[in-house]
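>>> pasting the sequence and the predicted model now:
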Amino acid sequence: MHCHVLPGIDDGPRTIEESVELVRAFIAAGTRTIVATPHVSWEYPNDARTIARLTDELNARLAAEELCIEVRPGAEIALTRAVEMTPEELCGLRLGGGSHLLVECPFTPAGTGFDTVLLDLQRRGHRILLAHPERCPAFQRDPAMLRSLVDSGMLTSITAGALVGRFGGEVRRFAHSLAREEIVHNVTSDAHDRIRRPPGIADELERAGLGALASWLTDEVPAAILDGADIPSRPRAEPATGSARGAWWRRRG
C-alpha cells in the first residue's frame, strides 16, 4: 500500500533496473500486489499522468521478465500540495484507482491546522489513509487529534520498521501505543530500496507481537481499500507469546 518503486521520480529507485530488483525483493517477501506511491510534494512535483505512465512501463518490464506481480498507481501526497490540486488531479492520485488518498503526515513539529485540511479533503469525497502517523510530531504531542480523525472515518498506515525501532525509540513506543489503542489499520514497508529501506513486513510484525493480525493488516484491509469495499472487522487476536517482545497485544472482540 505504500512504497517507492517507480524509477527516477523521487527518492526511490533511480533506474528501471533498480525498480525491477526492488520488485524481486517484494516477490521474495510474498507480495502479490504493489501500490506505487511516489511522493507528490513541492520537492517532487509529480502528477497523476506521469505516475500512470511509469506504472505501465514498469508493469511491461515485469511481464517481460516473467515476474508475476501487479503494480498499481497511487501517490503519497503532501498536504501542502493537496490543498492546491484540482479535483481531477486528486482523483487521479487515489490508491489503485479506488477512493482512498494516501496522505503524508507532516514531520514538522508545528502541525497546526493540518487536521482541518484532512477533514476538508474528506468532505470533498476522498477517503483518507494516513501515512506513517507514528512519525508525526503533532500526533505524538496530541494523540487525541489522531483518534478524532480515525473516529471521523480515516484510516492509518504505519511503517513496519517503526515497530522495531528503525526510526528511534520514541517512534517505536508511539507505534506500539497506536496498536494497543486499536487505531492501526494497515502496516506497510514504505520500501525505497533493497538495502536501506527494504520491503520487509512479516518479521517486524512478529517481533512486535502483531503476527496474529498480519493477514488483516497487510492483506484484508488493503484489498478492501483497493476494491472500494468496507473495511473488514478486526479479527480476534490472542496475546503475543514466546519470544515476541512486549506481549501486550489483546483483542476484546
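Looks like it arrived, so ask away.

>>> spit out the contact partners of Asp11.
4, 39, 44, 192 (Cβ atoms under 8 Å, 6 or more residues apart in numbering). C-beta: built from backbone N, CA, C; applies to glycine.

>>> again, only using 10 Å
Contact analysis of Asp11 by Cβ atoms under 10 Å, 6 or more residues apart in numbering lists 4, 38-39, 43-44, 192-193, 197.

>>> quick check: the farthest pair among the residues you listed?
The span of the contacts of Asp11, defined through Cβ to Cβ, is set by Glu43 and Asp193 at 18.1 Å.

>>> rewinding a little: out of the contacts of Asp11, which is most surrounded?
Pro38 (26 neighbours; other Cβ atoms under 10 Å).

>>> and that residue, how close does it get to Leu146?
25 Å (Cβ to Cβ, to the nearest Å).

>>> can you check Val20 too?
37 Å.

>>> which residue ranges form the helices in this protein?
For the chain, helices defined by DSSP state H occupy the ranges 16-28, 48-64, 79-82, 87-92, 114-123, 137-141, 143-151, 169-180, 202-207, 214-215, 221-227.

>>> among the ones you listed, which is nearest Leu129?
So among those, helix 221-227 is nearest, using Cβ to Cβ, at 6.7 Å.

>>> with just CA atoms, put that closest one into CSV.
C-alpha atoms of helix 221-227 as CSV (Å, rounded to 0.1, in the frame of the first residue of the first chain):
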residue,chain,number,x,y,z
VAL,A,221,-7.6,-4.2,4.8
PRO,A,222,-5.5,-3.3,1.7
ALA,A,223,-7.7,-5.4,-0.5
ALA,A,224,-10.8,-3.6,0.8
ILE,A,225,-9.2,-0.2,0.2
LEU,A,226,-8.3,-1.1,-3.4
ASP,A,227,-11.8,-2.6,-4.1
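
>>> still on that earlier bit, lowest-confidence one in the contacts of Asp11?
Lowest pLDDT among the contacts of Asp11: Arg197, with 91.

>>> so that one touches Val5, yeah?
No: using Cβ atoms under 10 Å, Arg197 is not in contact with Val5, being 11.1 Å away.

>>> so what sits against both of the two?
With Cβ under 10 Å, 6+ apart, Arg197 and Val5 have common neighbours 12, 22, 191.

>>> a markdown table please, covering those residues and showing pLDDT, distance to Asp142 and neighbour count.
Formatted as a markdown table, the shared contacts of Arg197 and Val5 follow (pLDDT from 0 to 100; distance: Cβ to Cβ, whole Å; neighbours: other Cβ atoms under 10 Å):
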| residue | pLDDT | distance to Asp142 | neighbour count |
| --- | --- | --- | --- |
| Gly12 | 97 | 31 | 23 |
| Leu22 | 97 | 35 | 24 |
| Ala191 | 97 | 29 | 28 |
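
>>> can you report how many residues neighbour Ser148?
13.

>>> got the buried residues for stretch 203-213?
204-213 (16 or more other Cβ atoms under 10 Å).

>>> please apply the same query to stretch 147-158.
Result for stretch 147-158 [16+ other Cβ under 10 Å]: buried residues 149-150, 154-158.

>>> quick check, nearest of the residues you listed to Cys68?
For the buried residues of stretch 147-158, the nearest to Cys68 is Ser157 (24.8 Å; Cβ to Cβ).

>>> among the contacts of Asp11, which are in strands?
His39 (DSSP state E).

>>> Arg94: which of the contacts of Asp11 is nearest?
Looking across the contacts of Asp11 and measuring by Cβ to Cβ, the closest to Arg94 is Pro38, at 13.9 Å.
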